[in-house]
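> Show me how the following folds:
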Amino acid sequence: MNLSPSGRSRSGATLKARVTRNDVARRAGVAPSTVSYVINNGPRPVSLEARERVLKAIDDLGYHPSDVARSLRTRRTLTIGLVIPDITNPFYGEMVQAVEEVSLQHGYTVILGHSSHLQERELRYAQVLRSKQVDGVIFLPVTPDLEPVEALRRAGIEVVVLERDVPGYACIVADEHNGGCLATRHLLELGHRKIGCIVLAGDSTSSAARAEGYRTALQEAGISPEEGWIVESEYGYEAGERAAHELLKLPERPTAVVAHNDLIAIGAMKAFNEAGLRVPADISVVGFDDIAAASYVQPPLTTVVYPKRQMGRAGIEMLLGLLSSQQGMPTGTMKLPVELVVRASTGPAT
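Numbers count the residues shown, from 1 in each chain. Coordinates of the predicted model:
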């Protein structure tokens, strides 16, 4: 809004002056410190009559206590930073919702950052959260450089890392390796022997672990992946579609595919369908994450269920524990289990 020197907006409306603690005290006929005792429920007692006058004055004047002033007194801002790699992926939506629910229950609000898988954005959000003096941060780093996380630690901000095992930090991961094994073993049990794998390009953490699980299951069955069975993909539906086209170019295409996540798997299914292949009659597909769309696509997607909400809830509870502990909590990594849900996108090899 543009203001004129007279304190009016350009539209001519007079702006109302900000209501202060002193205004409330004058209206209620009490000392300013009494207003603070009412708002903060202490540390000194206030008579019922004085409390009611203060509360009525607050309501009449529309007073809102200053978060800045409170943070200077308590050395807490009651804010939590949460940095995720992809705000467009519904997988992270469920995780964010769980973090926010628990935060609000404990009086904290969440500042959300979207790094878009870029190191410069991870660094930028680390700087912003430091300047906002958040009490703690839940970080999902996807780039190899951990400088953003380390910068927060140097600033004295507690950090919990999700989806990555970082020595010296409190971390929560899912059993990615077992997830890759479960998906591949399921296809092997259906008689598939030519199984492709779509991995996430540039991901040295979760995708690498899932791919290693895929290799482990094949090795257990006495199968070595042929050249071209493992292809890289970027993020999203279209990227999954492009990766599937690479598999279709092979002289002997796979009869089944394990995809890094559900978005990539759904994009691959579209490519197979447009190529005239029926899922699962001609080619089976397994995803990872179990986003809501996985059960609504046609055919419904067989996928590895990732504990999204459980991880979000465990992450914020771990961070709140760090914030409430005077000595700090031991660092280490919590590993959450995964499971396979079988739907209609997988079937016997033909």
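> Show me the shaky parts of the protein.
1-16, 66-75, 204, 326-330 (pLDDT under 70).
> just the helices in it please.
With DSSP state H as the criterion, the chain has helices at 21-28, 32-40, 48-61, 67-74, 90-105, 119-131, 147-154, 176-189, 206-220, 237-248, 262-274, 308-324.
> who wins for proximity to residue 297 among those?
Between residue 297 and the helices of the chain, the tightest spacing by Cβ to Cβ is seen for helix 262-274, at 5.5 Å. C-beta: built from backbone N, CA, C; applies to glycine.
> what angle sits between that closest one and helix 90-105?
160 degrees (axes from the mean of the first three to the mean of the last three Cα atoms, to 10 degrees).
> tell me the angle of helix 262-274 relative to helix 237-248?
50 degrees.
> same for helix 262-274, what does it pack against?
strand 195-200, helix 237-248, strand 256-259, strand 284-289 (3 or more Cβ pairs under 8 Å, 6 or more residues apart in numbering; DSSP states H and E).
> Go ahead and name everything in contact with the first one.
Read that as strand 195-200. With contacts defined as Cβ atoms under 8 Å, 6 or more residues apart in numbering, strand 195-200 is touched by 184, 187-188, 206-208, 210-211, 214, 218, 223, 225, 229-235, 240, 243-244, 247, 253-261, 264-265, 268.
> who touches residue 243 in this structure?
Residue 243 touches 198, 231, 232, 233, 264, 267, 268, counting by Cβ under 8 Å, 6+ apart.
> just to revisit the earlier point, I'd like the helices of the chain written out as JSON lines, with distance to residue 293 added.
Formatted as JSON lines, those follow (distance: least, Cβ to Cβ, whole Å):
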{"stretch": "helix 21-28", "distance to residue 293": "50"}
{"stretch": "helix 32-40", "distance to residue 293": "45"}
{"stretch": "helix 48-61", "distance to residue 293": "46"}
{"stretch": "helix 67-74", "distance to residue 293": "38"}
{"stretch": "helix 90-105", "distance to residue 293": "7"}
{"stretch": "helix 119-131", "distance to residue 293": "26"}
{"stretch": "helix 147-154", "distance to residue 293": "30"}
{"stretch": "helix 176-189", "distance to residue 293": "18"}
{"stretch": "helix 206-220", "distance to residue 293": "19"}
{"stretch": "helix 237-248", "distance to residue 293": "10"}
{"stretch": "helix 262-274", "distance to residue 293": "7"}
{"stretch": "helix 308-324", "distance to residue 293": "13"}
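> For residue 57, which of the helices and strands packed on helix 262-274 is the nearest?
Of the helices and strands packed on helix 262-274, nearest to residue 57 by Cβ to Cβ is strand 284-289, at 51.7 Å.
> wait, residue 134 sits on residue 78?
No. Using Cβ atoms under 8 Å, residue 134 and residue 78 do not qualify as a contacting pair, with a distance of 9.3 Å.
> And those two? Which one has more around it.
residue 134 (24 against 15; other Cβ atoms under 10 Å).
> Can you give me the distance of the more buried one to residue 172?
19 Å (Cβ to Cβ, to the nearest Å).
> ditto for residue 161
Counting by Cβ to Cβ, the gap from residue 161 to residue 172 is 8 Å.
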